[in-house]
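Q: how would this look folded up:
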Amino acid sequence: MKKFSAEFKLKVVKEYLDGSLSYMRLAKKYDSLSDESIKNWVKYYQKLGVEGLKVKPQSSAYSVQFKMDVLHFMKQSGSSSLDTAIAFGITSPALIWRWNKTFQEKGIEGLKPKQKPKRCTCMSKKNTKKQIDQSAPSTEELKREIELLRLENAYLKKLQAFQENPKTFLEKHKQRWHSHSKKKDSN
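A: Purely as a prediction, here's the structure:
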């Protein structure tokens, strides 16, 4: 899929909003576009302004909790991935679709960031002398399990709060999500 600059997207959106051309005519004018893309850009622009048209860098990582909140919102509200992306200020609905697919296939474990493999270092004499008990879980495994349990606990608490009073929960967290996304943009 071809990436377009925020300037180009803004130009197309303004052409549409000026009322001179429809989605289909704009798509024909810029033959590398689809009318669906233009519709999405207009929605993003109307909801988030110019920020909604900017392409976020690939390196922006979202926490597992944030991903779970997004997926939970989408499921509970019945929103499309596009509407959910707009609600959370995420400029790629496909990202949410991938999170959902991964969650369906691998569960919460699949939503965790992929760790880069460590570089191979030569074995020193210290390392060869250490005997590791293979039957006992490592410290890293225990830390990981604790983190998963914490995430599950937090998710269940939020789910319970949402089920008790959905409107209050969504209002409260909508403000936090918007302020959270602004913090990421400033980094």
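Q: ok, and the closest non-adjacent residue to Ile86?
A: Using Cβ to Cβ, 6 or more residues apart in numbering and skipping residues adjacent in sequence, the residue nearest Ile86 is Lys47, 4.8 Å away. Using the backbone N, CA and C atoms, a C-beta is placed for each residue, glycine as well.
Q: Likewise for Tyr44?
A: Nearest to Tyr44 is Gly52, by Cβ to Cβ, 6+ apart, at 3.3 Å.
Q: ok, how many other residues are close to the one you found?
A: Neighbour count of Gly52, defined by other Cβ atoms under 10 Å: 22.
Q: Also Ser22?
A: Using other Cβ under 10 Å, Ser22 has 12 neighbouring residues.
Q: do the same with Leu151
A: 17.
Q: For Met68, see how far away the residue nearest to Ile86 is.
A: Separation of Lys47 from Met68 (Cβ to Cβ, to the nearest Å) stands at 23 Å.
Q: what's the pLDDT at the residue nearest to Ile86?
A: pLDDT for Lys47: 81.
Q: Please identify the helix or strand for it.
A: Following DSSP states H and E, one finds Lys47 within helix 35-48.
Q: so what does whichever helix or strand comes after that helix touch, helix or strand wise?
A: Later in the chain than helix 35-48, the nearest helix or strand by DSSP H and E is helix 64-77. Packed against helix 64-77, as judged by 3 or more Cβ pairs under 8 Å, 6 or more residues apart in numbering; DSSP states H and E, are the following elements: helix 81-88, helix 93-106, helix 139-164, helix 166-186.
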